[in-house]
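K.L.:
Fold the following, please.
(chains A and B)
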Amino acid sequence: MQKPECFQQIILLLQNFWSSKGCVILQPYDLEVGAGTFHPATTLRSLGPDHWSAAYVQPCRRPSDGRYGDSPNRLQHYYQFQVVMKPSPSTLKEMYLESLRLLGIDHQVHDIRFVEDDWESPTLGAWGLGWEVWCDGMEISQFTYFQQVGGHDCKPITGEITYGLERLAMFILECDAVMDLPYNSPNSQRPLRYSDIFLEAEKQYSEWNFREANTEVIFRHFDDAEKMCKEILEMGDLKRKSSDKKNKLVLPAYDQCIKASHLFNILDSRGVISIAQRQVYIGRVRTLAKLCADSYIAEVSSRV
Amino acid sequence: METIKYQVYERIELNDFILELISEEIPAKMQTAAMRQLESLTLKKVGENGLIVQRMMPFVTPMRLGIILENISTKVNENIKEIRGPRLGAPEIAVEGFLKKNKITRSELQEKKTEKGDFYFYSIKVNAQSLSKILSRIFTEIIQEFNWPKSMYWGDNYSLRWVRPLRGIMAVLFQNKTRERVQLTVRDIESDIVTRAHQVMHPEFFEFESIDDYREKMLKGKVILQPSDRKKRVLEDGKKQAEARGFYLVEDDKLLDEIVGLTEFPVPILGEIPKELLSIPEEVIITSMREHQKFLSLRSNANGKVEGFLVIADLITYDEQKTILYGNMRVLNSRLRDAIFFYQNDLNLVKINGMRSWNDKLKSVRFHEKFGSQYDRVERIVKIAVLLARKFDLDKEDVKKAAILIKADLVSNLVSEFPSLQGIMGAHYAEVEGYEKLVSDAIKDHYLPVGSNDVVPNQPLSIVLALSDKIDYLTCLWKIGIRPTGNKDPFALRRASLGIIRIILENKLDVDMDYLIHLTQVDFDISDLQLFLKERIINYLTEKNYQKKVVEAVVKQCKLDFLPMLPQVIAEVTEFISSESGIRFLAVYKRVSNLLSSNKEFVGFKKKFSQERATEEDKTLYKHLTSIKEQVEESLQDKDFKKALLVLGSMIDPVNQFLDNVQVNCKDKELQNLRYYFLSQISETTHSVVVFSEFDKK
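P.N.:
Below is the predicted model:
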């Protein structure tokens, strides 16, 4: 197997591989999220009894990690490749190692290690046990068995693998700075580097996230999103009473929860949330996530 | 025909058993405890089931937890069923019929006398529980009962929680050269008779003929079963490589423990740090390598500086681990470049604005929600330190200058990245800014002692800052109701108290706890804090090999201001109780307390002494007691313990004489009351020096 030669080829290889393992290949969720886990295909689908396997790329926004494109490895916008399989198959680890071989990381020459790293998302009210995966000392993936989401026990258990695509690409393509990554094939008609596509965005968004974002408006948006999320879920309750068959609008409500989470991240990177307030805001987002999870579970179990 | 049931004991010998619980990677820090738990559970169950095991060897690697039992001997209860046949001398045809019916031969028949006469008998073993069955039961129970500090479910079966998904069980019994799979069924897993060695280097399944064969094949298959053996390999191989390249190893046992929990076959690879990355303080390099990459540091023989490292891989490769080293070097490079960047930022700031400019930022670093920021904390520490400075003949301004800097580095770039470098970076930046060494040392050492093996600060300035920091911490948290409970002490209050106690005692300081608490200007009831501190003192001194009884007898009654003299006092009391007068005194004390305990209603009984009914003996004793009480109080006031003990000694004769010559439980109730009052006075006076009742405790 030949080594991939550019960023996009790594994505394509992963998509094909996990497709062949029975995952549906989804596209990114169309809202700003801090991690691929926020995609309803992971959070919501990991709840309830239904089997589910999916893989997708998810752009992630971490406003406070922006460095105006100057850091060799920190970005406020980057990609994750997310795989979820429920129930977690007994061969999940082997499949993961096979996917690495496909990317040119041969376990016979590379030191691949599973180092304990339990996952906890205070905003999602979720936790799981697993590892970060090290390849020759570099962390390239997270591997987690979900135990709880939105305060609910997961049954069956979802196995989740998250590849940090830029890091993985830097390792495979031997690049020391993320901006130097070849995005498409260096042999293509118009070879592009990561910087050609994202450098300007990193600069603009760093400026926005750290300095310019209108915090007054964003505080208001946060409150609105929170309010709307709750209203949508309550609306479901009313409808249900009048005509028993109407579903709760969990998915639109969950969108508002995702929005609130991202708005909080911007406020945090703008430095306008005090340490004491921070816990309060995280708690508010967690409440929304929990409400959505409650409704989702109620919905799923009523379907049976 | 009838059956009789009874039991015989059969002794089977020379059985070996091995169990492997194969799972996805077990967290490094849980492995040793898991191995010990498996051992103790096995020991317990083996005993309960009447097995005797000559040698027991538990083992653990990231992928497997297991145990080997060698030379198991067993007393197995067997039910013997006896079937009565025809009478002796019965017709041949009857005997033949019996043989035929039971499918046996004539030689298997036994003759036996019974009350009804002599009969042929045939006996068969029934329900004999084989060793295999017993082991199966024992280890099924152990797996179900096993207790991981954190455990999980996986897939869609919820019948077992394990630390990470359990993927296989290998359980084999060797009995008289035969090999047998021991049936274990847990969750959806059936035990197997084969296993695998290293998952990458030797992934093929193999069979084995004996325990020795298993051990040999494992080692050949690149699995070292014992953590201690893996450690040995890292050290031996690592040191050899280091020596050959002009380095020596910086010992780091904790890291080593973690490394051997991440490898089945540790392979040290030596790397050299590129020269251009050596421009940061060495603590930063060591910390970055340790925390981010789990590298062991190597010092150069030539200059003693950290210029190399060992990365421990879990793999031997055909390119002699070159690819692995290359990848790790790349990560190191980017990590150290980050660190250099942070360091330069910090330096620039220190050079332009000075460390004190960081204090403003401390306002946004929370110490505790009820006690404001680290900035507020620094202000309090400065106040305490300035007051405490008097005791050490230090200049107030000098102390203030140093105290104000002690937490500044918390907001530096480097400490934000590596919290474990707090104090160390502060000291470094203080030196860069031109503060004298005493100041920078104090910034670094005020955190000490952390571990029980740490040295305590010994320069006056460091001592003042360390005590001020710790007493502020302790009283603040105590005030809002934070207490250690049982094993849990999330705010490390015990550590802070122990730090204070050690600094005072090991430096023989004339500073006491009550004084320190007083300096913090606490405004709450400190009696339970004092009690807690006394417990810590007792704990510390007992661990220092002072006799526990003596420590408790002394510490329980004394005020916290006695702390600096405690070791001396304890030594004096120890000497006293083994001296002739001490032994005699104890005898008197016992005589008195026996009388008192036989008549509890008089304990603590107060009564004015009236001359009316008192005899000469009573009057003499009273005189003695009054004077002794005064002398004891006086000596304690002067903190002269030796004298107090001497005074106690002078009670012996008068008290003995009194008790020899009068009857305490006399008919005259008034007089009896009076005499009990004397006794309780003797006891009280004694306890104001030493709680002698502690010596009666078992």
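K.L.:
ok, the residue in chain A positioned nearest to chain B - contacts?
P.N.:
At 2.6 Å from chain B, A:D136 is the closest residue in chain A, using CB to the nearest CB. Any C-beta I mention is one placed from the backbone N, CA and C, and that applies to glycine too. The neighbourhood of A:D136, defined by CB atoms under 8 Å, 6 or more residues apart in numbering or on different chains, consists of A:110-111, A:171, B:323-324, B:326-328, B:330-331.
K.L.:
try 6 Å
P.N.:
Taking CB atoms under 6 Å, 6 or more residues apart in numbering or on different chains as the contact definition, A:D136 lies against A:110-111, B:324, B:327-328.
K.L.:
Kindly report the same for B:D409.
P.N.:
Going by CB under 6 Å, 6+ apart, B:D409 touches B:415, B:425-426.
K.L.:
Help me confirm that it is found in a helix?
P.N.:
Yes. If the criterion is DSSP: H, G, I helix; E, B strand; the rest coil, then B:D409 is within a helix.
K.L.:
so how far is B:S416 from it?
P.N.:
10 Å (CB to CB, to the nearest Å).
K.L.:
Get me the contact residues on the stretch 51-200 of chain A for chain B.
P.N.:
Counting by CB under 6 Å from any CB of the partner chain, the residues of the stretch 51-200 of chain A close to chain B are A:87-88, A:93, A:107, A:109, A:111, A:113-114, A:116, A:129, A:136-138, A:145, A:147, A:156-157.
K.L.:
The residue of the stretch 201-350 of chain B found nearest chain A: helix or strand, and which one exactly?
P.N.:
Per CB to the nearest CB, B:G327 is where the stretch 201-350 of chain B lies closest to chain A, at 2.6 Å. Secondary structure from DSSP states H and E places B:G327 in helix B:322-353.
K.L.:
list the buried ones in the following helix or strand past that helix?
P.N.:
Counting by DSSP H and E, the element after helix B:322-353 in chain order, helix or strand, is helix B:358-362. Burial within helix B:358-362, assessed by neighbour count using 16 or more other CB atoms under 10 Å in any protein chain shown, is assigned to B:358-359, B:362.
K.L.:
how close does the residue positioned nearest the centre of chain A get to A:K290?
P.N.:
Centroid-nearest residue in chain A, with CA atoms, centre = their mean: A:G36, separated by 1.2 Å. Going from A:G36 to A:K290 by CB to CB gives 20 Å.
K.L.:
For residue 230, which non-adjacent residue is spatially closest?
P.N.:
No chain specified, so I'll use chain A. A:L291 (6.9 Å; CB to CB, 6 or more residues apart in numbering or on different chains).
K.L.:
Can you look at chain B instead?
P.N.:
B:V260 is the one closest to B:R230 (CB to CB, 6+ apart), at 4.0 Å.
K.L.:
tell me the pLDDT at the residue most central in space within chain B?
P.N.:
For chain B, B:N487 is the residue whose C-alpha lies nearest the centre (CA atoms, centre = their mean; 9.8 Å). pLDDT recorded at B:N487 is 81.
K.L.:
Equivalent analysis for A:D237, please.
P.N.:
63.
K.L.:
Now do the host helix or strand of B:E307: which elements does it pack against?
P.N.:
Using DSSP H and E, B:E307 sits in strand B:306-313. Here strand B:306-313 touches strand B:267-272, helix B:282-293, strand B:296-300, going by 3 or more CB pairs under 6 Å, 6 or more residues apart in numbering or on different chains; DSSP states H and E.
K.L.:
Flag every buried residue along that strand.
P.N.:
Applying a neighbour-count criterion of 16+ other CB under 10 Å, one finds B:306-313 buried in strand B:306-313.
K.L.:
can you check stretch B:576-596 too?
P.N.:
B:576-577, B:582, B:585-586, B:588-589, B:592-593, B:595-596.
K.L.:
for B:H202, what are its contacts?
P.N.:
Contact analysis of B:H202 by CB under 6 Å, 6+ apart lists B:221-222.
K.L.:
can I get the contacts of B:D409 in a markdown table with secondary structure and pLDDT?
P.N.:
Listed next are those as a markdown table, based on DSSP: H, G, I helix; E, B strand; the rest coil; pLDDT from 0 to 100:
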| residue | secondary structure | pLDDT |
| --- | --- | --- |
| B:V415 | helix | 89 |
| B:M425 | helix | 94 |
| B:G426 | helix | 94 |
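K.L.:
mind showing which ranges of the chain have poor pLDDT?
P.N.:
Since you didn't name a chain, this refers to chain A. For chain A, applying pLDDT under 70 flags the ranges A:1, A:236-247, A:275-276, A:304.
K.L.:
My question was about chain B, not that one.
P.N.:
B:1-13, B:75-79, B:125-128, B:366, B:368-371, B:600-611, B:696-698.
K.L.:
could you say what helices and strands the longest strand belonging to it packs with?
P.N.:
Secondary structure of chain B per DSSP state E: the longest strand is strand B:64-87. Strand B:64-87 is packed against strand B:5-23, helix B:28-48, strand B:51-60, helix B:92-102, strand B:117-126, with contacts defined by 3+ CB pairs under 6 Å, 6+ apart.
K.L.:
Including secondary structure, could the buried residues of stretch B:576-596 go into a markdown table?
P.N.:
Shown next, in a markdown table, are these (three-state DSSP):
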| residue | secondary structure |
| --- | --- |
| B:F576 | helix |
| B:I577 | helix |
| B:G582 | helix |
| B:F585 | helix |
| B:L586 | helix |
| B:V588 | helix |
| B:Y589 | helix |
| B:V592 | helix |
| B:S593 | helix |
| B:L595 | helix |
| B:L596 | helix |
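K.L.:
a markdown table please, covering those residues and showing distance to chain A.
P.N.:
Shown next, in a markdown table, are those (distance: CB to the nearest CB, whole Å):
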| residue | distance to chain A |
| --- | --- |
| B:F576 | 55 |
| B:I577 | 53 |
| B:G582 | 57 |
| B:F585 | 60 |
| B:L586 | 57 |
| B:V588 | 63 |
| B:Y589 | 58 |
| B:V592 | 60 |
| B:S593 | 57 |
| B:L595 | 63 |
| B:L596 | 58 |
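K.L.:
hmm, which two among these are most spread apart?
P.N.:
Across the buried residues of stretch B:576-596, no pair lies farther apart than B:F576 and B:L595, at 22.9 Å, counting by CB to CB.
K.L.:
Could you chop the chain up by domain?
P.N.:
By default, I'm working from chain A. A:7-209, A:214-303 (automatic domain parsing).
K.L.:
The chain in question should be chain B.
P.N.:
According to automatic domain parsing, chain B comprises the domains B:5-79+B:130-193, B:229-351, B:357-525, B:579-696.
K.L.:
Any chance of TSV for those, columns distance to B:K103?
P.N.:
TSV is the format used below for the domains of chain B (distance: least, CB to CB, whole Å):
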stretch	distance to B:K103
domain B:5-79+B:130-193	20
domain B:229-351	53
domain B:357-525	64
domain B:579-696	75
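K.L.:
before we move on, the earlier item: surely the residue nearest to B:R230 is in contact with B:Q226?
P.N.:
No. Taking contacts as CB atoms under 6 Å, B:V260 lies outside contact range of B:Q226: 9.2 Å.
K.L.:
still on that earlier bit, can you tell which of the helices and strands packed on strand B:64-87 is closest to chain A?
P.N.:
The nearest among those, by CB to the nearest CB, is helix B:28-48 at 6.6 Å.
K.L.:
I'd like to know which elements that closest one is packed against.
P.N.:
So helix B:28-48, by 3+ CB pairs under 6 Å, 6+ apart, packs with strand B:51-60, strand B:64-87.
K.L.:
tally of neighbours for B:M57?
P.N.:
B:M57 is flanked by 16 other residues according to other CB atoms under 10 Å in any protein chain shown.
K.L.:
Thanks again, I'm all set now.
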